[in-house]
Every structure is written in structure tokens, then in C-alpha cells.
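S.K.: sequence-free structure coming up:
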């Protein structure tokens, strides 16, 4: 029996494309959880929200989903700052973020999902765009554009985020706030404001990820929950707060999931990411490139 | 201590007798759900409220109990195919297992899973434990969906043995069992609260590092909490297949078990055994009413919104509000 | 005489930062050791490594003839090592009396083998609170305390574990002169009853009057260790710390 090498190669390539997308999905959590220490498990909910908003404008006004989310990302940013403000005033300041902060975000995730359910129903929704459907063929390689475009978009977003954190004052302040809040205060920067900005950015990035998501696959409200495991698995595997680590881990997870789905069937896919997460937590909680 | 147990049993029996008066079957059906949630909420609170570790995977532990029942029931139907001839008569004698035995099995299975999850993740921060419990739900759901022995994604039918002698309907029997379980859970919670173990849990919740420095074996106590909490949830899940008749993975692993087990203690108050009870009765009744009058999706939305509201405004729940009020009056 | 506490060449890094660089320290039974050094010199890290809150990468810690390596913090407390935290960490949802109960229930109880009676515990808690002057607030929650009172609670809780060796980490910061005196008298009394004490402080007058021996930590290294009057005249010590 000859080993289906072209199947394997395509699975790997699909996995890499998926991984690029996963990197964008996780980038937001890398910031909120990796750097700000906020366990925002509602993050996938915001991604799905972004997907549905993109869907709405696509169905009713034929606007490209990526364009919609790009234009609306400032709105998501403001929304994110608002949520952080509530979180800070209610929990962080009182030192109760562990139990109640988690319950808060869980409630948000839940409410988001149910509201979407009530408004849009349980049917799968998908968008239409010129690049959904055609594929590029390259010898034995099969590159569906509906995966390639989001992957490229994701890498751009990811790269932009890297530049922001590495090169701008605010970006470096975010990195600083994750390491030493007191030092930051002594440098006359308000840590709360910095955290608010960072959280807002993480939600804005979630919106972009939402656009990419609905291009790759049809969505329905509970899809967010599948992504919780992926997002945290990647975050932990890559090492909290390490952007390069996130990218590598995202690619790895994408490939593992893709190979599993190709050879064992897609019904095992959700277990893969969570399994990876559990294993990482058990054996190497600091991740590949962790702090 | 025994006084409280006696009182709890008396109250439970009184509730049961009272419900038999109007003789409306629906009361028992709805009542079963509420009493089941008392067990789940109390179980959650032992780990969440007393110890400070959030478990998002209540559904997983509940489902483990339910599926161990399904597995045993399926085994019971296939004894002749699965067991060597010499042993078959013995198994035919003890199967189908009575529900109290199934409850114990469910508790053991979920207890082991709880211990395992704890062992893997409790040496890390509380946030990681919470995320791991989320992961657990999905992993177990995927395993169940792919395991045909328990019905796979199609679900499993479990046939009720029919009428229960003495009591009449089978649902009433299930309700009585669940009441008994609720009494056990509440008595256990109250006993822990006032014991040395309860102080240890409180110290862990308040400041784990300082607790360690004071001599509290934090890992060991956390494992006790996780195992106990998981076992109780599993016990609550064991009779569920008989209650519902047709068990679907999507239903039992659904988010509503996770949300309710968190919302009910948080809204009721996490520091005392009575918080989960109050929260369950209030929220549970509200949900039954909403589901019947509006829709089940709206009902679940209300739970979520209430959870967020209470967590922000009244972090210590209804019990906390009452305590604050009493303390303010005392200090005047 | 074998040392009660023998810290053998321990090192600890945080990423690229070396917090402790080969520290060796002995504390004799019944001794009063003072530990001083500038902020960030590693004093608290040293305490954390001794008590098991942090694990040192190199070297080992021996206490009471046994090695402490691999033992969790709570096990070391059971063996008789107790510490107060530099930034007080009370249990916020428990009353002051209950705060002291925790070490009693989990350390003293564990050690003695027989369970302590409830009245016994209550009496001991009251006694300890009285020693630090907090008996009137026994039923209060920590949030009702002033900063100074919280430090005293912190010390009382460390004492509640009935240790053989007590490490008092900057318990006197912010106290008035008479309050410092009170704490010193208290620590002296503990010492006289047989408890070895390591005092970590910045208040030189207190350190000098209390310590039988003085050790100095600067940038993770021990630069002096000897009689207090000799150490304070050591030019390295003057340059690194005292001359400030």
C-alpha cells in the first residue's frame, strides 16, 4: 500500500494556511491573557460577533466581509475598552479577578452566543465573495483561495501587531505593563490606560479574525466554543505573551488538526486542540518560548 | 450536626409529600430538574465558592455520570454477547442495576475524572484549571460522540423499568432519589464549611501562597475538593438517562449545565451552603416559568444576564447582601 | 554545635536576572540573626527559597538536620520554619482570630498528632492577639485594620505556627518608636523561650540592638557575616548599604 503522500502534503499545507488564520484568532488572547493576565474566555464570542456582522453587511449590502470588519474595527476597539473598564472597576481593583472575573467573561460569552442565536437562529451562515470557491493549483498542491486569503490577511494583522508592540511607545508600554506595573507608573504612563488600550486592540483584532473565520467556514453561534480550546491551546503552547511563539504554535496546531481530520475524520478535530492544551498544561506549562 | 441532617431529611420528605397532594405529574418533572440543580450547584460551590477554583466543565462531570449509566444499561442488554457463559447467570441476576447503585457508579467515574483533571492542572494557576475544565467538556463530548457503544452522535435510548411499586410513577421515584442526593450534598457542604477542611479551603481561596506558608497542604485539599465536587456532579447525572429517556450528547454536554452550575451559586451566594440552594430555587423556578411562557433560548439569556449583573453588583450573592445588611445594622 | 538552618550555596535566577548568587548561611539554634541589605538585594528571595515558596536552582537548604530540597512550603512549615510576608497577606474573608486559626489547625495540630480542642484554639488565638495588641479586633476582618496593624497580624500568624525558626520580614516598617520597641520586646521574649529568629529590617537601630550576628546581602551576594559591631564598620558594607 503506497502512502498517500499527496494527501499528506495537502493536509500539511491546509494546516499551515489554517495555522496562519489561527494566529490572528489567538493574537488577541496573546495580548489579553498573555500580557495583561486577563482570562478573557469570551474572546471567541467576539470573533463570532465579528463574523455575524460581516455576514449581515455581506448579505444585505454585498459588502466584502474583510472590508466590513476593517471599517468597524474602531467600534470593536471602543467596545473592548468599555469592557475592560467594567472589568477593572468591578474585579481587578477589588482583587477578585480570579473567580468573579472568570464568571464575568463566561457570562459575556454565553450572552453573546444566545443573543446571536435569538437574532440569527441556528442555521449555518456563510458569506459570498469572489475569492470563495476558486483554488490555485500548483502541481500536487491545492490552495483554496478561501483559505489563502484569510491566511494572508491574518499574517498581515499579526505582523502589524508585532510592529505595534515592538516599535511604538504604546506598544512597548503594553509589554512593559505585563512585566512591571510599578516601573511603568514611574515612567509617568498610566498602566490602567495602557491596559485599556491593549484590551481594546485585542477585541478589534477579534473582529478581523471574525471576518476571516466566516470566509473559511460557515458559522453558527456555538462555533465560538470550539475556538476556546484552540485559542488557549495555542497561547499556552506558544508561551504566554510571546508573539513568535504564538505563530509557531498556531501553525503546529493547524497542521496537527488538518492531518487528524484528513486521516481520522473531522469529528475528532475538536478534541485535538483541547487534548494538546491538556497535555501542554500537564507537561510543559511554560510553553515552547514562554517567559 | 445530626440535628441539621434530621431537619434536612424532614424538609425533603415534607416537600415530597406536599407535591403529591395536587398529584400533577409535571410538578415532579419540573421539581426533579430543580433538585438536580441543587446538587450540581452545591457540588460546584464546594470547589468554586469554598476553594476559589472555577469549574467550567460541570456538564462534563454530569455527563460522565449519565453516560456511565448508559454504558452499564447497554452492557446489561448485551450480557450474553459480552460475558463468558459461565459468568452470564451472575450478571443476569444483578442487571439491570438499581438506580442507587448506578448513582454510586456515576459518582466513582466522575470522581476519578475530577481527580485526574485536578492532578494534571492544579499545580498551575487557577485560571489554567478553569480553562482545562472547559477543554475537558469538549474532549469528553468528542469521545462520547465517537463511541458507538453509548450511542455515538445519534444518542441513546434508555428504557425505564416501568412503574415503581409503592410510589406509583417512575418519575416520582426518581424525584425522591434526587431529593435524597440533594440532602446528602447539602449536609456534606455544611459539614465541610464548619470543619477544619472548610477553613483550609477558605485559606486557599483567600490567599493560596499564605495558606501554604501557614502549613495548609494546598494541593492535597484542592484534589479533595475537585474529586468530591466531580463525584457529586456525576451522581446527579447518573439517573438522568432514565429521567429523560433519550440521551443526546448535544443536550447533556450543552452550555446550560455549565452556566447554571455557576450562576446559581454565584447569585445565591458562594460562602455558605444555603447560597446554592437559594440561587437554584430562585433561578430554577424562574427558568421553568420562562421556558413555558416565552422560550427556552430567552430563559437561558436571562440566566447569563443575571450572572453578569450579580457578579458585578453583588459579588457575594443574595446571602452576601443579607449578611451586609445585618452587619450594617449591628454596627449602628 | 550543628546549625539549625544551613543554607548551602543556593542560587536563584528569574530569566536573565540573577537574584541569588551562591548564598551560604548558617543559623545556630537559639540565635538572633539580623539580615540587612538594600532593596532588591535578594533578601525576600532568600526567605522564599528557604521556606519553599520558591525553588532554588542550585544549592540546598538544610533545616534541623534534614534536607528541605523538594519539600513544599507547607511541609517546611510543619518542620518548624515560619515566616511573615514583607507585604502582609492576611486571609481577607476570615476574622483576625480565624486568621490565626489556620496555622494552628494545619501546623500545630498536624505536629502534635492529637486534635486541639476548640477552646484551646480560641485561648491561644486570644493570647497571640494580645501579644501584638490586637485583641480588641479579634472579630474584625483584615480590611478594618491599619497598615501597621496588618503587619502585627502578619507576625502573629507566623507565630501561631509555633515555629523553631521564625523569619520576620520587615515587620517594623512604618511603626512608631514605641511600637518598634513592643515588637522587639516580643521577639526577644520569643527568642528567650527558645525560638531562633532571623530579623530582616531596614531600621538599623532595631537591628543593632536585637541581633547577635549580622549578615549583609547586596545584589544577591552575601558580602558580610559576623558580629554586628564589626559588620557595620566593614568598608564594603558601608559603601554598598550604610553609606546611603
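M.R.: Yep, that arrived. Being a predicted model, the structure only gives us computed values, none of them experimental. Residues are numbered from 1 along each chain as shown, chains lettered A, B, ... in the order given.

S.K.: so who does residue B:16 touch?
M.R.: Counting by Cβ atoms under 8 Å, 6 or more residues apart in numbering or on different chains, residue B:16 touches B:175-176, B:179. In short, each C-beta sits where N, CA and C put it, glycine included.

S.K.: please give the element, helix or strand, for it.
M.R.: Here residue B:16, judged by DSSP states H and E, is contained in helix B:2-20.

S.K.: which helices and strands does the helix or strand following that helix pack with?
M.R.: Scanning forward in sequence from helix B:2-20 by DSSP H and E, the next helix or strand is helix B:25-45. In terms of contacts (3 or more Cβ pairs under 8 Å, 6 or more residues apart in numbering or on different chains; DSSP states H and E), helix B:25-45 is packed against helix B:2-20, helix B:58-77, helix B:170-193, helix B:218-237, helix B:255-268, helix B:274-293.

S.K.: now the helix holding residue B:16 and helix B:170-193, what's the angle there?
M.R.: Inter-element angle recorded for helix B:2-20 and helix B:170-193: 160 degrees (by axes from the mean of the first three to the mean of the last three Cα atoms, to 10 degrees).

S.K.: quick one: mean pLDDT over helix B:2-20.
M.R.: For helix B:2-20, mean pLDDT is 86.

S.K.: next: stretch A:18-35.
M.R.: When pLDDT is averaged over stretch A:18-35, the result is 87.

S.K.: secondary structure element holding residue C:19?
M.R.: strand C:17-27.

S.K.: tell me the strands beside that strand, with direction?
M.R.: strand C:5-14 (antiparallel) (DSSP bridges).

S.K.: list the contacts of residue B:74.
M.R.: Residue B:74 neighbours (Cβ under 8 Å, 6+ apart): B:149-151, B:156.

S.K.: residue ranges with poor pLDDT in chain A?
M.R.: By pLDDT under 70, the low-scoring segments of chain A are A:1-3, A:93-97, A:180-189, A:289-291.

S.K.: what about the helices in it?
M.R.: Secondary structure of chain A by DSSP state H: the helices cover A:5-29, A:43-61, A:65-87, A:102-120, A:145-167, A:169-179, A:181-186, A:191-216, A:223-238, A:243-264, A:269-283.

S.K.: got a pLDDT number for the residue lying closest to residue B:55 once chain neighbours are set aside?
M.R.: Leaving aside its sequence neighbours, residue B:55 sits nearest to residue B:133 (Cβ to Cβ, 6 or more residues apart in numbering or on different chains; 4.8 Å). As predicted, residue B:133 sits at a pLDDT of 84.

S.K.: which residues are in contact with residue B:133?
M.R.: So residue B:133 contacts B:54-57, B:60, B:117 (Cβ under 8 Å, 6+ apart).

S.K.: just residue A:80 next, same as before
M.R.: Going by Cβ under 8 Å, 6+ apart, residue A:80 touches A:46, A:199-204.

S.K.: ok, those residues vs residue B:15, which is closest?
M.R.: Relative to residue B:15, the closest of these is residue A:46; by Cβ to Cβ it sits at 43.1 Å.

S.K.: so the closest one makes contact with residue A:204?
M.R.: No - assessed by Cβ atoms under 8 Å, residue A:46 is found out of contact with residue A:204, at 9.4 Å.

S.K.: find residues that contact each of these two.
M.R.: Joint contacts of residue A:46 and residue A:204 (Cβ under 8 Å, 6+ apart) are A:76, A:80.

S.K.: before we move on, the earlier item: which one of the helices and strands packed on helix B:25-45 lies nearest to residue A:148?
M.R.: Here helix B:255-268 is closest among the helices and strands packed on helix B:25-45 (Cβ to Cβ), at 33.4 Å.

S.K.: tell me the angle the closest one makes with helix B:58-77.
M.R.: Following the same axes, to 10 degrees, one obtains 130 degrees for the angle between helix B:255-268 and helix B:58-77.

S.K.: do helix B:255-268 and chain A meet?
M.R.: Yes - judged by Cβ under 8 Å from any Cβ of the partner chain, helix B:255-268 and chain A are in contact via B:255, B:258-259, B:262-263, B:266.

S.K.: and residue 130, how many neighbours?
M.R.: Since no chain was named, I'll use chain A. 9 (other Cβ atoms under 10 Å in any protein chain shown).

S.K.: my bad, chain B
M.R.: Neighbours around residue B:130, by other Cβ under 10 Å: 25.

S.K.: so it versus chain A, what's the distance?
M.R.: 5 Å (Cβ to the nearest Cβ, to the nearest Å).

S.K.: now the worst-scoring helix or strand of chain C on mean pLDDT: buried residues?
M.R.: Across the helices and strands of chain C, mean pLDDT, DSSP states H and E gives its lowest value to helix C:109-112, namely a mean of 76. Along helix C:109-112, these residues count as buried under the neighbour rule (16 or more other Cβ atoms under 10 Å in any protein chain shown): C:109-110.

S.K.: roughly how far is it from the heart of the chain?
M.R.: Averaging C-alpha positions (Cα atoms, centre = their mean, to the nearest Å) puts helix C:109-112 21 Å from its chain's average.

S.K.: returning to that earlier point: of the helices and strands packed on helix B:25-45, which is nearest residue A:65?
M.R.: Of the helices and strands packed on helix B:25-45, nearest to residue A:65 by Cβ to Cβ is helix B:255-268, at 26.4 Å.

S.K.: check which helices and strands the closest one sits against.
M.R.: helix A:102-120, helix B:25-45, helix B:58-77, helix B:274-293, helix B:296-313, helix B:317-330.

S.K.: need the residues that contact the lengthiest helix in chain C.
M.R.: Taking DSSP H as the criterion, chain C has its longest helix at helix C:177-192. Identification of contacts with helix C:177-192 by Cβ under 8 Å, 6+ apart yields C:30, C:32, C:131-133, C:148, C:152, C:155, C:159, C:166, C:168, C:171-172, C:175, C:197, C:199, C:203, C:206, C:209-210.

S.K.: just stretch C:223-230 next, same as before
M.R.: By Cβ under 8 Å, 6+ apart, stretch C:223-230 touches C:25, C:34, C:207-208, C:211-217, C:231, C:234, C:236-237, C:240.
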